[in-house]
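Visitor: Quick one: sequence plus predicted model below, questions after.
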Amino acid sequence: MFASIRRHQKWLWLVIIVLVIISFVIYFDPTYSSRSNRGSSAGRSGDFGYINDRPLSREELVEAHQEVRLRFRLAAGRWPEEDEFGRQQFNDDGQVHQRLILLEKVKELNLQVTDEAVADWIANVFRDRDQGKFRLEMYQQFIQRILAPARYTEADFQRFVRHEVGLQHLIALGSVSGSFVPPREAEAVFRKENEQMTAQAILFPASNYLASVTINDAALEQFYTNNMARYRTPERVQVSYVRYEATNFLAEADQQLAQLTNLTALLQTEYQRQGPDFFKDKDGKVLSQEAAIEQMKQKERTNLALTAAARKATEFAQQLFDLYEKQTNQTDNLEKLAAALGIQSAVTEPFSRSDGPKDLKVLDAFTEVAFALTSEQPMASEPLPGEDAVFVIALKKRIASEVQSFAAVRDKVVEDYRRREALQAAHLEGQRLHAALTNGLVQGKTFEAVCAEAKAVPIKLPSFALSTRSLPELEGRVDLSLLKDLATSLAPGKTSDFIPTRDGGVILHLLSKQPVEEARVKTELPAFLARLREERQREAFSEWFRKEAEIARLTGIPPFKKSGAADSN
């Protein structure tokens with residue numbers, strides 16, 4: 001049962017090391033565990049998919065994977081595995097596929113990249129921000145302190161740069177049609193987006209009608225019967241776990257940091273490379289250099305502690321594998337082993353896919369792995385990193401989805417029923433007022449007069465345009481995009497239909513439309529034209545790439561970490 005996992009057990013345990021490192025201390029990436037054998041397998045192809053009916057080699061996949069990770073590192077200042085944001089945003093296989101398609105197109109078009117262009121790219125990235133000059137020592141430290149621990153060579157980096165410059169040429173070609181935006185067209189768009197509109201709105205929030213809803217048991221039970229699916233509990237699981245907290249390994253992390261005699265210099269180099277604006281506190285305020293360096297040091301300290309915790313978790317997990325191979329169907333193997341080793345274990349409360357376990361600072365992967373566990377494979381194949389600890393988990397119990405009884409969910413049914421009735425009342429009131437407005441305006445009455453007769457209070461909105469990003473007065477009350485759509489569809493003096501919304505509804509009465517001031521057109525149009533061309537170029541390239549991706553016939557490429565690139569050993 002565990003034979004498949006056993007074959008890859010070593011790298012599965014070591015995958016936890018992706019918790020490290022800020023950029024310059026020891027880094028281990030299991031997908032390159034067989035990198036030293038790359039040359040012997042570079043000629044192999046056919047097992048790694050095809051592009052335009054040409055077989056891809058393992059070498060091409062490994063290099064593409066390297067390069068998309070490196071691109072993320074240069075853009076974000078950290079490796080994608082370093083934090084939750086990176087893990088969520090970095091789509092490994094998807095970006096590898098995109099890069100393969102683009103690089104194939106560069107070859108097809110025979111776009112040549114000179115050594116001078118590569119040198120210029122490097123000089124621009126590793127320049128002194130104040131003097132604007134290339135800093136050789138910064139480049140060398142990047143190669144030695146950031147790339148080397150991640151098993152990249154300088155040749156790997158220069159190949160990446162050559163490809164990046166080639167892709168820049170390709171993007172310029174693919175987006176060229178978007179650059180042809182005539183100034184007259186840009187001016188028309190600018191005037192349209194900045195035309196000032198004034199309006200009055202009548203809102204019908206459902207919350208205003210909650211108090212008038214009458215509750216009776218017969219109606220509640222009928223509502224429950226008609227909406228039973230709403231009261232079905234989702235499938236849930238319970239898992240047993242042991243937790244290795246980072247705080248227990250801070251002393252070990254401090255010892256490792258103490259061995260780095262040039263730690264301060266490395267941190268200062270990283271600070272200069274990223275720039276002062278990169279480092280901010282939890283409120284988004286830019287940190288001083290001293291505070292930024294301390295922030296990096298504390299992050300590194302935590303990551304090293306988590307790495308040490310991962311090593312201990314790996315030891316426990318290896319023993320747990322042995323126990324499961326002997327006692328396959330036991331649901332308490334984890335607790336037994338933990339008790340025998342004097343380690344505290346625990347069992348989560350049942351949790352769903354959407355909520356995850358309570359009171360544990362875990363990442364999304366924890367829930368995903370927990371729901372993938374089965375009686376045939378009850379143990380997670382690797383320790384799972386959290387925000388402040390590393391976990392080893394095993395399946396304890398699965399709880400099937402079921403419909404809760406009316407008695408069990410009566411309070412929820414009452415709440416839902418009141419909300420439904422209040423929303424319907426809001427819609428009826430909005431439709432009634434719209435009918436009154438339609439009749440009254442035909443009779444020559446003013447919008448204000450009809451509202452006064454119906455005891456409706458319109459809200460005078462501040463002036464807004466299509467380019468307006470927010471109206472604080474209406475924040476959380478009505479969607480600004482809806483108001484824009486309604487206003488642009490109306491002529492001054494006209495009133496919209498009643499528009500139902502999730503929270504009630506709205507009627508909009510347009511008062512006026514005023515053209516943008518000519519002085520503003522002259523001042524802001526040049527920058528607007530440049531932004532519009534950039535936007536059109538992005539759109540043109542996206543459309544070009546979409547068509548190229550359809551033509552490219554990229555097929556049969558396995559997920560990177562499950563391919564021979566990851567487990568050729």
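Guide: That came through, no problem.
Visitor: Convert stretch 337-355 to CSV, retaining C-alpha atoms only.
Guide: Taking C-alpha atoms only, stretch 337-355 is exported to CSV below (Å, rounded to 0.1, in the frame of the first residue of the first chain):
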residue,chain,number,x,y,z
LEU,A,337,3.4,6.2,18.4
ALA,A,338,3.3,9.7,19.9
ALA,A,339,2.5,8.2,23.4
ALA,A,340,5.3,5.7,23.0
LEU,A,341,7.7,8.4,22.2
GLY,A,342,6.5,10.8,24.9
ILE,A,343,5.1,13.3,22.3
GLN,A,344,1.8,15.0,22.8
SER,A,345,-0.8,14.3,20.1
ALA,A,346,-4.3,15.7,19.5
VAL,A,347,-7.4,15.3,17.4
THR,A,348,-9.0,18.2,15.5
GLU,A,349,-12.6,19.0,15.8
PRO,A,350,-14.5,17.9,12.6
PHE,A,351,-13.9,20.5,9.9
SER,A,352,-15.1,21.2,6.3
ARG,A,353,-13.2,22.0,3.2
SER,A,354,-14.3,25.6,3.3
ASP,A,355,-13.6,26.3,7.0
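Visitor: ok, residues contacting it?
Guide: Contact with stretch 337-355 is made by 233-243, 316, 319-320, 323, 334-335, 357-358, 360, 367, 370-371, 396-397, 399, as judged by Cβ atoms under 8 Å, 6 or more residues apart in numbering. Using the backbone N, CA and C atoms, a C-beta is placed for each residue, glycine as well.
Visitor: and the residues you listed, which of them are in strands?
Guide: Secondary structure from DSSP state E places 233, 236-243, 396-397, 399 of the contacts of stretch 337-355 in strands.
Visitor: Could you work out the most separated pair of these?
Guide: Greatest spatial distance in the ones in strands among the contacts of stretch 337-355: 233 and 242, 27.9 Å, computed using Cβ to Cβ.
Visitor: higher neighbour count, the two?
Guide: Using other Cβ atoms under 10 Å, the more surrounded residue of residue 233 and residue 242 is residue 242, with 25 against 15.
Visitor: any idea how far stretch 390-408 is from the chain center?
Guide: 28 Å (Cα atoms, centre = their mean, to the nearest Å).
Visitor: What distance do you get for residue 434 to residue 202?
Guide: 9 Å (Cβ to Cβ, to the nearest Å).
Visitor: sorry, back to before: buried subset of the ones in strands among the contacts of stretch 337-355?
Guide: 236-243, 396 (16 or more other Cβ atoms under 10 Å).
Visitor: ok, the closest residue to residue 126 other than its chain neighbours - how many residues close by?
Guide: Once flanking residues are discounted, residue 126 sits nearest to residue 139: 4.3 Å by Cβ to Cβ, 6 or more residues apart in numbering. By other Cβ under 10 Å, 18 other residues sit near residue 139.
Visitor: Is residue 139 inside a helix or a strand, and which specific one?
Guide: In this assignment (DSSP states H and E), residue 139 forms part of helix 136-141.
Visitor: Give me the residues contacting that helix.
Guide: By Cβ under 8 Å, 6+ apart, the residues outside helix 136-141 that reach it are 122, 126, 128, 266, 269, 272-273.
Visitor: rerun that using 10 Å as the cut-off
Guide: 24, 122-123, 125-128, 135, 154, 157, 262, 265-266, 269-270, 272-273 (Cβ atoms under 10 Å, 6 or more residues apart in numbering).
Visitor: Quick check: buried residues in the following helix or strand past it?
Guide: Where DSSP H and E defines the elements, the next helix or strand beyond helix 136-141 is helix 154-174. Within helix 154-174, the residues scored as buried using 16+ other Cβ under 10 Å are 156-167, 170-171, 174.
Visitor: Just the buried residues of the longest helix anywhere in the chain, please?
Guide: As assigned by DSSP state H, the longest helix anywhere in the chain is helix 289-326. Using 16+ other Cβ under 10 Å as the test for burial, helix 289-326 gives 292-293, 295-296, 300-314, 316-317, 320-321, 323-324.
Visitor: Let me know the helix or strand that residue 450 is in.
Guide: Counting by DSSP H and E, residue 450 is part of helix 447-453.
Visitor: chain center to the helix or strand that that helix is followed by, what's the gap?
Guide: For helix 447-453, the following helix or strand on the C-terminal side (DSSP H and E) is strand 459-460. Relative to the centre of its chain, strand 459-460 is centred 38 Å away, using Cα atoms, centre = their mean.
Visitor: If you count neighbours, what's buried in the very next helix or strand once past strand 459-460?
Guide: Once strand 459-460 ends, the next helix or strand along the chain (criterion: DSSP H and E) is helix 480-489. Residues of helix 480-489 classed as buried by neighbour count (16+ other Cβ under 10 Å): 483-484, 486-487.
Visitor: Of those, which pair is most distant in space?
Guide: That would be 484 and 486, which, of the buried residues of helix 480-489, are the farthest apart (Cβ to Cβ) at 7.4 Å.
Visitor: Overlap in contacts, the two.
Guide: The contact sets of residue 484 and residue 486 overlap at residue 197 (Cβ under 10 Å, 6+ apart).
Visitor: check contacts around the residue sitting furthest away from the middle of the chain.
Guide: Distance from the centre of the chain peaks at residue 443, with 54.7 Å (Cα atoms, centre = their mean). Neighbour list for residue 443: 449-450 [criterion: Cβ under 10 Å, 6+ apart].
Visitor: Need the pLDDT of it.
Guide: Residue 443 is assigned a predicted lDDT (pLDDT) of 93.
Visitor: returning to that earlier point: report the buried members of the contacts of helix 136-141.
Guide: Looks like the contacts of helix 136-141 have 24, 122, 126, 135, 157, 266, 269-270, 273 buried, using 16+ other Cβ under 10 Å.
Visitor: Looking at those, which are in helices?
Guide: Per DSSP H, those map to helices at 122, 157, 266, 269-270, 273.
Visitor: Could you identify the most distant pair in those?
Guide: The widest separation within those (Cβ to Cβ) is 20.4 Å, between 122 and 266.
Visitor: Using PDB, list the CA coordinates for the helix holding residue 450.
Guide: Written as PDB, here are the backbone C-alpha positions of helix 447-453 (Å, rounded to 0.1, in the frame of the first residue of the first chain):
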ATOM      1  CA  PHE A 447     -39.100  63.500  -9.500                       C
ATOM      2  CA  GLU A 448     -39.000  65.200  -6.100                       C
ATOM      3  CA  ALA A 449     -42.700  65.700  -5.900                       C
ATOM      4  CA  VAL A 450     -43.500  62.000  -6.600                       C
ATOM      5  CA  CYS A 451     -40.900  61.000  -4.000                       C
ATOM      6  CA  ALA A 452     -42.500  63.300  -1.400                       C
ATOM      7  CA  GLU A 453     -45.900  61.900  -2.100                       C
END
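Visitor: Does that helix pack against any helices or strands, and if so which?
Guide: Counting by 3 or more Cβ pairs under 10 Å, 6 or more residues apart in numbering; DSSP states H and E, the packing neighbours recorded for helix 447-453 are strand 196-203, helix 410-442, strand 504-514.
Visitor: Show me the shaky parts of the chain.
Guide: 1-46, 83-89, 328-329, 559-569 (pLDDT under 70).
Visitor: quick one on the thing from earlier: closest to residue 195 among the buried ones among the contacts of helix 136-141?
Guide: For the buried ones among the contacts of helix 136-141, the nearest to residue 195 is residue 273 (44.9 Å; Cβ to Cβ).
Visitor: sorry, back to before: residue 116: which of the buried residues of helix 154-174 is nearest?
Guide: Using Cβ to Cβ, these come closest to residue 116 at residue 165, 10.2 Å.
Visitor: ok, the closest one to residue 121 distance?
Guide: Residue 165 is 5 Å from residue 121, by Cβ to Cβ.
Visitor: can you check residue 404 too?
Guide: In terms of Cβ to Cβ, residue 404 sits 61 Å off from residue 121.
Visitor: try residue 186
Guide: Distance from residue 186 to residue 121, by Cβ to Cβ: 31 Å.
Visitor: Return the member of the buried ones among the ones in strands among the contacts of stretch 337-355 nearest to residue 516.
Guide: Among those, and counting by Cβ to Cβ, the member closest to residue 516 is residue 236, at 56.2 Å.
Visitor: Am I right that the closest one is in contact with residue 371?
Guide: Yes. Here residue 236 lies in contact with residue 371, judged by Cβ atoms under 10 Å, at a distance of 9.3 Å.
Visitor: Thanks a lot, see you next time.
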